[in-house]
Each structure stands twice: as C-alpha cells, then as structure tokens.
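In: Coordinates for the following, if possible.
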Amino acid sequence: MAFATDSRPIEILLVEDSPGDVRLTREALREGRVRNNLSVATDGVAALAFLRREGHYGDAPRPDVILLDLNLPKKDGREVLAAIKADERLRRTPVVILTTSRDEQDVLRSYDLHANCYITKPVDLDQFITVVRSIETFWLTIVTLPEG
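Out: Model prediction:
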C-alpha cells in the first residue's frame with residue numbers, strides 16, 4: 001500500500017532505549033512530510049508484547065514499519081528481529097535496523113535474519129536527523145508497504 005496519498009497516518013514502531021535518540025527521531029519525523037504515529041518500545045520484551053498485542057498493548061496499532069535498535073535491554077534487537085521474522089503475522093512488516101553498531105557480524109546477522117535494511121546511527125545531531133528523514137522519504141513515501 002502506498003501511503004503518500006493515503007488518508008491515514010503511517011504507524012511506526014520505534015524500538016529504542018535511548019531517550020535522546022527517541023526524542024531526535026520524534027522531532028525529525030514531526031518535521032517530515034508524512035503524517036505518522038510514532039509508538040515507542042524501550043526494550044525487546046516490550047516491543048514483542050506491542051507487536052503481539054499482549055497485556056496492556058491489546059489495542060496497539062499494527063505498525064507499517066519498525067525501526068529497531070540492536071542494543072536493547074531484556075531482549076536484544078537480534079532476538080526481536082528473529083521473533084518478528086519467525087511470526088507469520090509479523091514477518092512482512094519491514095524492519096529497519098537503526099543502531100550504533102558498525103560490527104560486520106551484526107550487519108551480516110541482521111540480514112541473515114531478514115532485516116529489510118541496516119543503518120548505522122551517526123553520532124552527529126544533524127546527520128542523525130538527516131538519516132531519519134531519509135528513512136521517512138524512502139520507507140514512507142517511495143516504497144509500497146504491505147497492508148497490515
């Protein structure tokens with residue numbers, strides 16, 4: 001489904017434990033061109049509960065795209081990615097790895113687990129905002145996403 005002409009906002013799940021990165025991502029998306037709702041899970045266990053609509057996430061929206069950090073508490077991003085791609089109800093949801101890790105093994109493992117792309121977070125504030133806006137442009141205006 002293409003969202004550029006869609007009337008509903010795009011649902012984004014950001015799985016990120018850094019409050020600063022959450023704030024920057026929210027700010028970059030707020031200033032973007034695409035209407036979106038950003039939900040945040042701060043650890044891997046909460047992310048999977050959100051995606052499976054368990055517990056107090058019973059009414060959670062089905063995300064159109066997931067922005068996933070690898071270095072998370074409770075259950076790391078690699079485990080979350082594996083669980084998403086193993087779940088028939090979730091596996092078609094695009095997962096964008098957005099992490100500080102530049103480790104080649106993390107890149108390879110993420111793609112082996114069927115991540116849709118791997119982006120290393122820049123440490124510079126302006127570059128970080130540019131990266132988030134690039135994600136928005138590509139994943140939320142150019143790509144045709146599956147209906148959830």
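
In: Every contact and neighbour count from this point should use C-alpha atoms.
Out: Fine.

In: Show me what the helix or strand bottoming out on mean pLDDT in the chain is packed against.
Out: Sorted by mean pLDDT, DSSP states H and E, the helices and strands of the chain end with helix 125-137, the least confident at a mean of 82. On a contact count with 3 or more C-alpha pairs under 8 Å, 6 or more residues apart in numbering; DSSP states H and E, helix 125-137 meets helix 19-30.

In: ok so, going back, show residues contacting the least confident helix or strand of the chain.
Out: Leu24, Thr25, Ala28, Leu29, Gly32, Val34, Lys121, Pro122 (C-alpha atoms under 8 Å, 6 or more residues apart in numbering).

In: Between which two of those is the distance greatest?
Out: Val34 and Pro122 (22.6 Å; C-alpha to C-alpha).

In: Tell me where this structure has helices.
Out: Counting by DSSP state H, the chain has helices at residues 19-30, 44-52, 77-86, 104-112, 125-137.

In: Where does the prediction get shaky in the chain?
Out: Counting by pLDDT under 70, the chain has low-confidence residues at 1-7, 148.

In: quick one on the thing from earlier: now the least confident helix or strand of the chain and helix 19-30, what's the angle there?
Out: Computed by axes from the mean of the first three to the mean of the last three C-alpha atoms, to 10 degrees, the angle separating helix 125-137 from helix 19-30 equals 50 degrees.

In: Compute the number of surrounding residues for Glu16.
Out: With neighbours defined by other C-alpha atoms under 10 Å, the count for Glu16 comes to 26.

In: residue contacts, the residue nearest to it when sequence neighbours are not counted?
Out: Among residues not flanking Glu16 along the chain, Thr42 sits closest, at 5.0 Å (C-alpha to C-alpha, 6 or more residues apart in numbering). By C-alpha under 8 Å, 6+ apart, Thr42 lies in contact with Val15, Glu16, Asp17, Ser18, Leu72, Pro73.
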